[in-house]
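1. after the sequence you'll find the predicted model.
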Amino acid sequence: MPAVPSWITDPLWDQFQALIPPVIDTHPLGCHNPRIPDRIVFDKLVQVLVLGASYAKIADSTCSATTIRTRRDEWITAGIFARLEQLCLTAYDQVVGLDLTNITVDGCIVKAPCG
């Protein structure tokens, strides 16, 4: 059972896929293990974020924990997650009507007088 329904992740994946830069194979002989598809790694990352589990718990025969972390780091270095965050906030704003421009947060943490 998926962590998030496909009707939520499919549009998100379409936008995310457009942000991923093409990967250039630099192996001199071209003889290495094939790259795991980005969609599989994306689904595993969604599971990690939604379920709060470790990478090792989410990893299975389709994708190792090392691959998930490596691809996450590649995408962070490429700046994809910052752009994806803006896309998600824009989509959420269109659906819910959330306006983050005029938010004021006031908070105070004090010890209760009676304990």
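-> It's in.

2. any weak-confidence spans in this structure?
-> 1-3, 98, 100, 115 (pLDDT under 70).

3. try 90
-> Along the chain, the parts satisfying pLDDT under 90 run over 1-13, 15-16, 19, 21, 23-35, 43, 45-53, 81-115.

4. so where do the helices sit in the protein?
-> With DSSP state H, the ranges of helices along the chain come out as 6-19, 38-51, 55-58, 65-77, 80-96.

5. most tightly surrounded among the ones you listed?
-> helix 38-51 (a mean of 17; mean count of other C-beta atoms under 10 Å). Where C-beta positions appear, they are placed from N, C-alpha and C, glycine not excepted.

6. what inclination does that helix have with respect to helix 6-19?
-> Note on geometry: by axes from the mean of the first three to the mean of the last three C-alpha atoms, to 10 degrees, helix 38-51 and helix 6-19 are set 130 degrees apart in direction.

7. and the contacts of helix 38-51?
-> With C-beta atoms under 8 Å, 6 or more residues apart in numbering as the contact definition, helix 38-51 has outside contacts at 2-4, 9, 13, 16-17, 20, 53-55, 58-59, 62-63, 67-68, 71-72.

8. let's see 7 Å
-> 3-4, 9, 13, 16-17, 20, 55, 58, 62-63, 67-68, 71-72 (C-beta atoms under 7 Å, 6 or more residues apart in numbering).

9. quick check, nearest of those to His27?
-> Of all the contacts of helix 38-51, Thr67 has the smallest distance to His27: 16.4 Å, by C-beta to C-beta.

10. all set now, cheers.
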